[in-house]
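Peer 1: Based on what follows, work out the 3D shape:
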Amino acid sequence: MPRVPELFPKTVYCIDTSSLINLKPFRKDVFPTIWNKLESVIKNGELIAPMEVYGEIEIGKDNIYDWCKNNKDMFKDVDECQIQKLQEVKKQYDKNYWENEINKPKWADPWVIALGICEEAIIVADEKNRQNRIPAISSMSGLRCLELIDFFKEIGIKY
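Peer 2: This next block holds a predicted model:
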């Protein structure tokens, strides 16, 4: 189904496992502003991630997993658009790298980018900008990519 243009379109962010993991030091009892704002942008449909990110987080069974489990609405199931875009994303990766990673039990990176393309989202990933990493692949796919701290600035988190 084609997207209906919004009068005032919202900015959508698609977050990677790396950035969610980097939230660990920001304990909810010490930094409630961060967590309240994140939950607000999730409720507004502005923070999403592919279900594959949830699968990677699930391995940890820690406080981030518990938080993700309580905010599962942010995790999107694979749809036809993502499957189609995944084929385009695949072309941006080094062939050998792709073959090694795609056969691992959990690898969310290309799904983050595919969902980002489908939702016209800004990617949030705490990875170095080098070959076969989310920032580089995002750029080649025409997507903007932010680190977690820059995402905080964009959505107005101050602590």
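Peer 1: show me where the chain has strands.
Peer 2: 13-15, 47-50, 75-76, 122-124, 145-146 (DSSP state E).
Peer 1: I'd like the ones you listed laid out as JSON lines, including distance to residue 63, mean pLDDT and mean neighbour count.
Peer 2: The way it works is simple: take the backbone N, C-alpha and C, and place the C-beta from them, glycine included. Formatted as JSON lines, the strands of the chain follow (distance: least, CB to CB, whole Å; pLDDT from 0 to 100; neighbours: other CB atoms under 10 Å):
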{"stretch": "strand 13-15", "distance to residue 63": "16", "mean pLDDT": "99", "mean neighbour count": "26"}
{"stretch": "strand 47-50", "distance to residue 63": "17", "mean pLDDT": "99", "mean neighbour count": "26"}
{"stretch": "strand 75-76", "distance to residue 63": "17", "mean pLDDT": "98", "mean neighbour count": "19"}
{"stretch": "strand 122-124", "distance to residue 63": "19", "mean pLDDT": "99", "mean neighbour count": "25"}
{"stretch": "strand 145-146", "distance to residue 63": "23", "mean pLDDT": "98", "mean neighbour count": "22"}
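Peer 1: will you turn those strands into CSV that also has distance to residue 59?
Peer 2: Putting those into CSV (distance: least, CB to CB, whole Å) gives the following:
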stretch, distance to residue 59
strand 13-15, 17
strand 47-50, 15
strand 75-76, 15
strand 122-124, 20
strand 145-146, 24
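Peer 1: quick one: which of those is nearest residue 36?
Peer 2: strand 47-50 (12.8 Å; CB to CB).
Peer 1: for the closest one, packing partners?
Peer 2: With contacts taken as 3 or more CB pairs under 8 Å, 6 or more residues apart in numbering; DSSP states H and E, strand 47-50 sits against strand 13-15, strand 75-76, helix 109-119.
Peer 1: Pull up the pairing partners for it, direction included.
Peer 2: Its sheet considered, strand 47-50 pairs with strand 13-15 (parallel), strand 75-76 (parallel) by DSSP bridges.
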